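[1] what's the 3D shape of this:
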Amino acid sequence: MSSITRGPKFKLSRRLGLNVCGHPKAMNRAGKGTARSDKKLSPYGMQLLEKQRLRAYYGVSEKQMRIYMKKAQKAQGPTGTAVIRTLECRLDNLVYRMGLANSVRQARQMVGHGNVLVNGKKVDIPSFIVSVGDEIQLREKYRSNPLFKANFEAAALNEHAYITKNTENFSAVLSRLPEREEVPIEINDALVVEFYSKSSL
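    Next comes the predicted model:
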């Protein structure tokens, strides 16, 4: 990924005060006072910021976010946990989590280009929701790609308890739904829920 395409994501990360693109250098130029979180925010401003952070992290539109939130409100347990579980189970995110891509954005491109199989069938919809027990696999003709191979090998030590990886065949299974504390994102989901509870879904 070139510095040109990284630039806007780096800038967005600094503005939101959170590394929403996953690149290790994203926050290198973040100085005090550059993030919105450095300023005194009203309760609404804090809710809006957390909502924007969550959307930016998973790369979802406002329309998609409202759909996920509406479904989460009907789920059992805390609404914040339910919406993050849904976002975490998106195919593009799981391709990133299993280590085939170095960012959600790159994972979305891989899925859109038809590089990924779910249970042996090509799925090219990044927002596809993976179910527990589903196997995600890189298509065989792309396994020798130096970029994908390097990504997968580099992520060998980056394990997630709800994902079972098979490094030999570039695959992973969503073994169970994640617990909220296992999802590695610094988001106050309660503020996100508060934001949407005040707007019409």
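
[2] what residue lies at the spatial centre of the protein?
    With distances taken as C-alpha atoms, centre = their mean, Tyr58 lies nearest the centre of the chain, 3.7 Å away.

[3] does it really touch Leu87, like I thought?
    Yes. With contact defined as C-beta atoms under 8 Å, Tyr58 reaches Leu87; the gap is 4.6 Å. (C-beta placed from N, C-alpha, C; glycine too.)

[4] Would you mind listing the residues touching both of the two?
    By C-beta atoms under 8 Å, 6 or more residues apart in numbering, Tyr58 and Leu87 have these common neighbours: Asn93.

[5] Please, where are all the helices along this structure?
    Taking DSSP state H as the test, the helices found in the chain are 3-16, 43-58, 62-73, 79-88, 91-97, 104-112, 146-154, 189-197.

[6] how close does the residue of the chain most remote from its centre sit to Met46?
    The centre of the chain is farthest from one residue, Lys40, which by C-alpha atoms, centre = their mean lies 27.7 Å away. Lys40 sits 10 Å away from Met46, taking C-beta to C-beta, to the nearest Å as the criterion.

[7] what's the answer for Glu62, then?
    In terms of C-beta to C-beta, Glu62 sits 18 Å off from Met46.

[8] So which of those two has more stuff around it?
    Met46 (16 against 10; other C-beta atoms under 10 Å).

[9] isn't the more buried one right up against Leu191?
    Yes. Counting by C-beta under 8 Å, Leu191 is a contact partner of Met46 at 5.8 Å.

[10] In contact with the closest residue to Gln137 other than its chain neighbours: list those residues for me.
    The shortest distance from Gln137 to any residue other than its chain neighbours is 3.9 Å, reached at Ser171 (C-beta to C-beta, 6 or more residues apart in numbering). Shown in contact with Ser171 (C-beta under 8 Å, 6+ apart): Glu135, Ile136, Gln137, Leu138, Lys165.

[11] That concludes my questions; thank you for your assistance.
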